[in-house]
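Engineer: Turn this into a structure:
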Amino acid sequence: MAHAEAVRLLLGSDCPVFAPGHVWLAGAGPGDRGHLTLHALCGLIQADVIVYDALVDAGVLDLAPVHAVREFAGKRGGRPSIHQTDITGRLIALARQGRRVLRLKGGDPYVFGRGAEEAVALAEAGVPYRVIPGLTSGLAGLAAAGIPATVRGINQAIVLATGHSAEGEADAIASLDWAALARLDQPIVLYMATRTLDEIAGRLMRAGMPHDMPAAAIAQAASQHQQLRVATLSTLAASLREVPIPTPALIVIGRIVTMRDVLAELAGTLG
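Structural biologist: Numbering: from 1, shown residues only. Got it, this is the predicted structure:
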């Protein structure tokens, strides 16, 4: 069955029209293509050009027609990568050529994906755009690793934060009041924090967060290659240095991490 026909059956209607000269800012979700939304799939099967990030699974790109041009625009921390202004400039140029441009990002475009920056640039340039939400790894990746984001009796909130400050700041993690986050006593999910984890953990502990607070790192979340490392706030960074895992990785700090073992044990009793 053709992709367009399958999507039509699932949506109960045709895909939203992807007009020439428009840009769709879409999230591919974490991990494999099973986490793709139907509207993101609509974008893939109609796009003339797909400008994609490093975290987009190759299986997702395989869903696009053979004639669709695929342009890599990935940004990886600590490595040479395309500047953001070059990416937004390319989106604008392609749209002005009358192309249907799918800007495809891992996770959700508006959760630490610079999607808002690209939306502003497109709007200022007069380029029509649409935002297609995706599953963010900070929530879906936890679930895939067996860690519930919220548990009644454990937490009433969850903090999603980035592990580095804006480009050019001398202090890599200065943008956040880590002491205030520690006082919340709620789980913290950190994106792009592997390199700064030692300093973040130190600031949290100096603010009163227990040294033995459960913590975990999740690499290649929600994929068949997913890796999980469970430790404590005071030991996780050292564990990752001793035996590295692929980056970027999610860091989860909080008592919700213990629920993974609880649920696994209960599942084992069910056979």
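
Engineer: mind listing the helices for the stretch 151-271 of the chain?
Structural biologist: For the stretch 151-271 of the chain, helices defined by DSSP state H, counting those that start in this stretch occupy the ranges 178-184, 197-206, 236-242, 259-269.

Engineer: what sits against the most centrally placed residue in the chain?
Structural biologist: Central residue of the chain (CA atoms, centre = their mean): residue 107, 3.6 Å from the mean position. Residues near residue 107 by CB atoms under 8 Å, 6 or more residues apart in numbering: 27-30, 55, 113, 134-138. All C-beta spots, glycine's among them, are computed from the backbone N, C-alpha and C.

Engineer: before we move on, what about residue 41?
Structural biologist: 3, 7, 63.

Engineer: Now for the closest residue to residue 146 other than its chain neighbours, how many residues are close by?
Structural biologist: Of all residues not flanking residue 146 in the chain, residue 260 sits nearest, at 4.2 Å (CB to CB, 6 or more residues apart in numbering). Residue 260 has 19 neighbouring residues, counting by other CB atoms under 10 Å.

Engineer: Tell me who's in contact with residue 260.
Structural biologist: Contact partners of residue 260, counting by CB under 8 Å, 6+ apart, are 145-147, 216, 230.

Engineer: Please repeat the previous calculation with a cut-off of 7 Å.
Structural biologist: Residues in contact with residue 260 (CB atoms under 7 Å, 6 or more residues apart in numbering) are 145-147.

Engineer: I figured residue 257 hits residue 214, correct?
Structural biologist: Yes: shown here, residue 257 and residue 214 form a contact pair, counting by CB atoms under 7 Å, at 3.7 Å.

Engineer: And the residue nearest to residue 146, how far from residue 251?
Structural biologist: According to CB to CB, to the nearest Å, residue 260 stands 15 Å off from residue 251.

Engineer: and if you look at residue 183?
Structural biologist: Taking CB to CB as the measure, residue 183 falls 19 Å from residue 251.

Engineer: For the two, indicate the residue with more neighbours.
Structural biologist: residue 251 (28 against 13).

Engineer: Quick one: residues contacting the more buried one.
Structural biologist: With CB under 7 Å, 6+ apart, residue 251 has these contacts: 190, 193, 197, 215, 217.

Engineer: so what's the second one closest to, chain neighbours aside?
Structural biologist: So the one you mean is residue 193. Among residues not flanking residue 193 along the chain, residue 163 sits closest, at 2.3 Å (CB to CB, 6+ apart).

Engineer: Tell me, how many residues neighbour the one you found?
Structural biologist: 23.

Engineer: Please state the backbone phi and psi of it?
Structural biologist: Backbone torsions of residue 163, given as degrees, to the nearest 10, read phi -90, psi 10.

Engineer: any idea which helix is longest in the chain?
Structural biologist: In the chain, assigned by DSSP state H, the helix with the most residues is helix 84-96.

Engineer: Name the surrounding residues that touch the following helix or strand past that helix.
Structural biologist: Downstream of helix 84-96, the next assigned helix or strand under DSSP states H and E is strand 101-105. With CB under 7 Å, 6+ apart as the test, strand 101-105 has contacts from 23-28, 43-44, 47, 49-53, 56, 91, 94-95, 113, 115, 118.

Engineer: Thanks a lot, catch you later.
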